[in-house]
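S.K.: Give the three-dimensional model of this entry:
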Amino acid sequence: MKKNYPFGKLMIIFTAGLFAAMALFLVACSNSSGKGKLTAGNSSGISKISGDLWNKTEEEAAMSGVPTGNYILMSLDQGSTTMRFYNVDLKRMQTYKYSSATEYYDAYGEDSSVVEFKPGAAVKIALSSGTSTVTAISKSDEALEMKDISKYTLTISDPALRYVTIGKRKYRLADECLAFSNTGEQTDITNISDSDVISLRGYNDLIYSMVVETGHGTVTFTGTEDYMGGYVVIGNQKSAKISNELKMDIREGEYLLSAANNGKGGSTTITVKKGEETMVDLSKLDTASNDKYCEVTFSLTPSDTVLKINGNVTDTSHPVRLKYGTYVLQMEATGYTAVTRVMLVNSPKATVMLDVAKLAATDAAQAATSTSDSATTSSSSGSSSSAASDAADSVLSSYSSLLSNSDDDDDSSSASVSSLVDSILGTDTSGLTDSIISIITGE
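M.R.: Predicted coordinates for the structure are as follows:
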């Protein structure tokens, strides 16, 4: 029997149906994108969460599906489909399962992929309700991150106060700070050298992970008899005074190695491999029995620059004949702070271009980074540069009797030059690339 519905009832039914359809449409729209904020009960997407969600315990978080805190990713095992983390907030290791449905996001909430997540990354995660399965993982948008750092100082001798210095800033290492190789293996922080290129991640000004992006090998030396007290330069990495016990940590790669001392010198190409030792026989660099000399042409800017070699004013209007070895250069020009450099000579002919303004700017920048954090850059730079200049003047004046073009083989003269170089450079010449000029090419 056909039923007749009053108009009012039809309107109520139609309106209820319309609201239901709109609700379904809104739900569908809200779930149609893989992006969006992660809220209680919704594990799709990662974004910054405010309120008390971050204050939940691990158990509460697992029930609600919200992030459980700040993490450092330690490993991602595709075989067992597990992720291992260090929970910065709870200060403990945690392992969770993940699946093909796990979603990956960058720090801005944009889609990412599993290959972008490597050990050492600072992340946030979301867990499925009532289980320990990671439904979504994101790079942290609150973490401190510094990538591919090549110039730094790592201080770890005191376990109670470990830090890394980058420029003028010191970053303290957390007690639980983790170290990883660029292939994901966990390593010890003591294995990190200042020759490595590293990336750092942390929270609240504390570093929780260090990743070695480019590792280092060790260069050792034999056949040092004729080079004792001289200097060796490896590419643009490091320079060092030569001794029987000399070992140099060098970033992995291919470099031109050059050495010189008292009439002998030469260059060779070496390949440094991560974690391996490269042995160099210096006696093969120069097999000649007689001393070698270099004709050096100096190009000085500005034109009124006065050049001193081993403490003596040198006429640069014509090429200067120098025996293979190490020399101290001091440049003075009107309006600029005096600049000091060490020059390694081991080429038959060479042209050396020296710009006092650029060299002085380099010195000022280095002086600024070496000052305390409480001092301003301008005042610290000025005082440090002045002190460095005064020290150089004092050292050079002590050796003013040395002749820049001397062919004298007297041992005392050679020893004086060596002492002068040591006074300028010091015996530890790690990262000396801005202080030494190596003449390794020429006609």
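
S.K.: okay, and for the stretch 251-400 of the chain, where does confidence drop off?
M.R.: Applying pLDDT under 70 to the stretch 251-400 of the chain flags residues 369-400.

S.K.: With only the CA atoms kept, save the longest strand seen in the chain in CSV.
M.R.: Longest strand of the chain, by residue count under DSSP state E: strand 92-105. The C-alpha trace of strand 92-105 is given here as CSV (Å, rounded to 0.1, in the frame of the first residue of the first chain):
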residue,chain,number,x,y,z
ARG,A,92,65.9,6.0,26.7
MET,A,93,66.1,3.8,23.6
GLN,A,94,62.8,2.6,22.1
THR,A,95,62.0,0.3,19.2
TYR,A,96,58.8,0.3,17.2
LYS,A,97,57.5,-1.5,14.2
TYR,A,98,56.6,0.2,10.9
SER,A,99,54.8,-0.9,7.8
SER,A,100,54.3,-0.1,4.1
ALA,A,101,51.5,2.2,5.2
THR,A,102,53.8,4.3,7.4
GLU,A,103,53.8,7.9,6.1
TYR,A,104,56.9,10.1,5.8
TYR,A,105,57.1,13.9,6.0
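
S.K.: how about it: buried residues?
M.R.: For strand 92-105, burial by neighbour count (16 or more other CB atoms under 10 Å) applies to 94, 96, 98, 102-105. The C-beta positions use only the backbone N, C-alpha and C, and glycine is treated the same way.

S.K.: Following element in sequence after that strand, please.
M.R.: Heading C-terminal from strand 92-105, the first helix or strand you meet, by DSSP states H and E, is strand 122-127.

S.K.: Settle this for me: Thr316 is touching Leu307, isn't it.
M.R.: Yes: assessed by CB atoms under 8 Å, Thr316 is found in contact with Leu307 at 5.5 Å.

S.K.: Who has more neighbours out of the two?
M.R.: A count of neighbours by other CB atoms under 10 Å puts Leu307 above the other of Thr316 and Leu307, at 21 against 18.

S.K.: The more buried one against Thr301, yeah?
M.R.: No: the criterion here is CB under 8 Å, and Leu307 misses it with Thr301 at 11.6 Å.

S.K.: Need the overlap of contacts for those two.
M.R.: Residues touching both Leu307 and Thr301 by CB atoms under 8 Å, 6 or more residues apart in numbering: Leu354.

S.K.: circling back to that earlier point, which neighbours do Thr316 and Leu307 share?
M.R.: Listed as contacting both Thr316 and Leu307 by CB under 8 Å, 6+ apart are 298, 300.

S.K.: what about the helices in the protein?
M.R.: Ranges of helices in the chain, per DSSP state H, are 7-30, 58-64, 356-369, 377-397, 411-425.

S.K.: Break this structure down into its domains, please.
M.R.: 53-139, 144-214, 216-284, 293-402+411-439 (automatic domain parsing).

S.K.: What is the neighbour count of Glu276?
M.R.: 12.

S.K.: how much space between it and Phe180?
M.R.: Glu276 sits 20 Å away from Phe180 when distances are taken as CB to CB, to the nearest Å.

S.K.: before we move on, what about Ile270?
M.R.: Distance of Ile270 to Phe180, given as CB to CB: 27 Å.

S.K.: Neighbour count for these two, which is higher?
M.R.: The residue with more neighbours, out of Ile270 and Phe180, is Phe180; 23 against 17, by other CB under 10 Å.

S.K.: Now do the contacts for that one.
M.R.: Residues near Phe180 by CB under 8 Å, 6+ apart: 119-120, 186-187, 209-212.

S.K.: Compare these and tell me which has the most neighbours.
M.R.: The residue in the contacts of Phe180 with the most neighbours, by other CB under 10 Å, is Ser209 (27 neighbours).

S.K.: follow-up on the earlier one: just the angle between the longest strand of the chain and strand 122-127, please?
M.R.: 80 degrees (axes from the mean of the first three to the mean of the last three CA atoms, to 10 degrees).

S.K.: And strand 92-105, what does it pack against?
M.R.: strand 71-77, strand 82-87, strand 133-139 (3 or more CB pairs under 8 Å, 6 or more residues apart in numbering; DSSP states H and E).

S.K.: Grab the nearest non-local neighbour of Ala259.
M.R.: Among residues not flanking Ala259 along the chain, Val232 sits closest, at 4.2 Å (CB to CB, 6 or more residues apart in numbering).

S.K.: Then Ser140?
M.R.: Of all residues beyond its chain neighbours, the one nearest Ser140 is Ala122 (4.3 Å), with distances taken as CB to CB, 6+ apart.

S.K.: follow-up on the earlier one: please produce CSV containing the contacts of Phe180, extended by distance to Thr224 and pLDDT.
M.R.: Listed next are the contacts of Phe180 as CSV, based on distance: CB to CB, whole Å; pLDDT from 0 to 100:
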residue, distance to Thr224, pLDDT
Pro119, 41, 97
Gly120, 39, 97
Gln186, 37, 95
Thr187, 32, 94
Ser209, 40, 97
Met210, 34, 98
Val211, 36, 97
Val212, 30, 96
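
S.K.: which among these gets closest to Gly130?
M.R.: Lowest distance from Gly130 to the contacts of Phe180 (CB to CB) belongs to Pro119, with 28.1 Å.

S.K.: List the residues that contact Lys147.
M.R.: 199, 213 are the contacts of Lys147 under CB under 8 Å, 6+ apart.

S.K.: and Thr220, how many neighbours?
M.R.: By the criterion of other CB under 10 Å, Thr220 has 12 neighbours.

S.K.: contacting residues around it?
M.R.: Residues near Thr220 by CB under 8 Å, 6+ apart: 246-248, 277-280.
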